[in-house]
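Asks: Attaching a predicted model along with its sequence, questions to come.
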Amino acid sequence: MRYNLRSMPRTEKKRSYLLLNPKARSDQNAKRRRLVTVSDQIPEERDTRKKKERVLLDRLSKNIINELIQNPNLTSEAIARTVKSPLSTVQRRRTALERSILTKAYNLDLSTFGWRIADLMIELEKGDPYVISENIIQNNIKSVVNASLRIGSPQVNMVAQVCYRSSKELHQILQGIRALDKVGRVEWSEVVQVISKNYSATFQNILDIA
């Protein structure tokens, strides 16, 4: 027997729809949600990959990098005048470089507050170097600026930069580290004067090789 949906009672229409279609509707909605989610994510991922792959290290990019290394606060307009390229091109290249290979950070000039910085060369004896170094950092959490594990010299396994205000304070830091378990010799040095900064030439050589 054939039914004409238009001639069916309203309650029967609703019942047939609810009985036959709820699962199909939920499956379709789920598929639609999955498709929307995937289609929304894939272009972003592809765009990100393309941006990373499209880093062009030609003469213009290298000139922009050289200008920014010498003065990170330069405006794109000033760079465009120096490298003699359109502002829009420089802005586009600069954005691509900053998203991929250039980083910018601010450092606090501790000397303006009367603080000094020393490098501590620390010998770690047998044991887990990560655990030992973590103990050193935690015991001097207010003094350690940065710390790193090293290879090369058998007497130096860790280098830590510490800030201090007086020789007495530095002495206390040194004695505290030497008293820790699994710590051997601890030597220190302090920068007296920066003779030269050769970042530009060094990075230019790296870019030329790249």
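Replies: Thanks, I have the structure now.
Asks: Helices along the protein, start to end?
Replies: Ranges of helices within the chain are 10-20, 22-53, 59-70, 76-83, 87-100, 129-139, 167-178, 199-209, based on DSSP state H.
Asks: Quick one: list the elements packing against the fourth one.
Replies: So that's helix 76-83. helix 59-70, helix 87-100 (3 or more CB pairs under 8 Å, 6 or more residues apart in numbering; DSSP states H and E). Heads up, the C-betas are built off the backbone N, CA and C, glycines and all.
Asks: The last one: which residues count as buried?
Replies: Residues 90, 93-94, 96-97 are the ones in helix 87-100 that count as buried (16 or more other CB atoms under 10 Å).
Asks: Return the list of helices and strands in contact with it.
Replies: Secondary elements touching helix 87-100 (3+ CB pairs under 8 Å, 6+ apart): helix 22-53, helix 59-70, helix 76-83.
Asks: where does this protein dip in pLDDT?
Replies: 1-54 (pLDDT under 70).
Asks: switch the cut-off to 50
Replies: The model of the chain has pLDDT under 50 over residues 1-8, 11-25, 28-53.
Asks: how's it carved up into domains?
Replies: As recorded under automatic domain parsing, the domains making up the chain are 23-52, 54-100, 110-190.
Asks: so Gly114 sits right up against Arg165, yeah?
Replies: Yes - using CB atoms under 8 Å, Gly114 is in contact with Arg165, at 6.0 Å.
Asks: quick one, which of those two is more surrounded?
Replies: More crowded of Gly114 and Arg165, by other CB atoms under 10 Å: Arg165, with 12 against 8.
Asks: quick one: contacts for that one?
Replies: 114-116 (CB atoms under 8 Å, 6 or more residues apart in numbering).
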